[in-house]
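Q: Sequence and computational prediction follow.
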Amino acid sequence: SGQDVQRISVINNLSKLLRSYQKETLNCILPKLREILPLEPNHVHMLASSVFQSISQKGLVMGDIFAQHFFPIIQANSDHKDSDVATTWFEALVHSIAIVSRQYLQEKVLPLAIDRAKLSKAVASRLCSCTLFGSLAQRFDSEWNKTHVIPIVKSLCQDVDYEVRGRMCANLPPII
């Protein structure tokens, strides 16, 4: 339908809209996008997550603005029922770690990573947690990592699933 084409066009042009009309895009378009995304088909999620990832990589908005406006959408969709969609949103989350503040990472991303690392969570969730810890560790010093990351990393290295153990081992270099 015409509305479907319009939504896809807006998502495709989000970078341009941010450059020209940042305030309006952040205050009008992103809230609407957050509202409609849960109802959208998978291809719209794939497009939106890749656009969000591109916005964070290009630094089109400051880290605190990205954290305030984009991160909640990324986080809400990183648990999507379709594993491919969830993976693309998760990749956008990992890429955003580089631009958001350390305080934000401590308050929002670390608890998310800890929650996903629980043995009661699905294997896919624990795999994501391994990658999150590897990315988080790159933003902090060794003392912080020893306190906040290493205890959970130890448990992930001893996970019952071999894939989780392997993924955590692959993400150890930035942590240790």
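A: Everything's here; your move. Residues are numbered from 1 along each chain as shown.
Q: And residue 34, how far from residue 2?
A: As judged by C-beta to C-beta, to the nearest Å, residue 34 and residue 2 stand 22 Å apart. From N, CA and C alone the C-beta is placed, and that goes for glycine too.
Q: Give me the more crowded residue out of the two.
A: Neighbours per residue, other C-beta atoms under 10 Å: of residue 34 and residue 2, the larger number sits with residue 34, 15 against 6.
Q: helix or strand for the more buried one, which one?
A: According to DSSP states H and E, residue 34 maps onto helix 30-36.
Q: Check which helices and strands that helix sits against.
A: helix 2-12, helix 71-77 (3 or more C-beta pairs under 8 Å, 6 or more residues apart in numbering; DSSP states H and E).
Q: Mind checking what helix or strand follows the last one in sequence?
A: Next in sequence after helix 71-77, counting helices and strands by DSSP H and E, comes helix 83-96.
Q: Dump that following helix to CSV, restricted to CA.
A: The C-alpha trace of helix 83-96 is given here as CSV (Å, rounded to 0.1, in the frame of the first residue of the first chain):
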residue,chain,number,x,y,z
SER,A,83,16.0,-14.7,15.1
ASP,A,84,17.3,-13.0,11.9
VAL,A,85,15.6,-9.8,12.8
ALA,A,86,16.8,-10.0,16.4
THR,A,87,20.3,-10.6,15.2
THR,A,88,20.3,-7.5,13.0
TRP,A,89,19.0,-5.3,15.8
PHE,A,90,21.6,-6.8,18.1
GLU,A,91,24.3,-5.9,15.6
ALA,A,92,23.1,-2.3,15.7
LEU,A,93,23.3,-2.4,19.5
VAL,A,94,26.9,-3.7,19.4
HIS,A,95,27.9,-1.0,17.0
SER,A,96,26.3,1.7,19.1
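Q: Run through the helices of this structure in chain order.
A: Per DSSP state H, the chain carries helices over the ranges 2-12, 14-20, 22-24, 30-36, 42-58, 63-69, 71-77, 83-96, 102-104, 110-116, 123-137, 142-144, 150-157, 162-170.
Q: and those, which is most packed in?
A: Of these, the one with the most neighbours on average (mean count of other C-beta atoms under 10 Å) is helix 123-137, at a mean of 22.
Q: Need the helices of the chain in JSON lines (columns: distance to residue 176).
A: Formatted as JSON lines, those follow (distance: least, C-beta to C-beta, whole Å):
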{"stretch": "helix 2-12", "distance to residue 176": "39"}
{"stretch": "helix 14-20", "distance to residue 176": "37"}
{"stretch": "helix 22-24", "distance to residue 176": "40"}
{"stretch": "helix 30-36", "distance to residue 176": "37"}
{"stretch": "helix 42-58", "distance to residue 176": "26"}
{"stretch": "helix 63-69", "distance to residue 176": "26"}
{"stretch": "helix 71-77", "distance to residue 176": "27"}
{"stretch": "helix 83-96", "distance to residue 176": "19"}
{"stretch": "helix 102-104", "distance to residue 176": "19"}
{"stretch": "helix 110-116", "distance to residue 176": "17"}
{"stretch": "helix 123-137", "distance to residue 176": "9"}
{"stretch": "helix 142-144", "distance to residue 176": "8"}
{"stretch": "helix 150-157", "distance to residue 176": "8"}
{"stretch": "helix 162-170", "distance to residue 176": "11"}
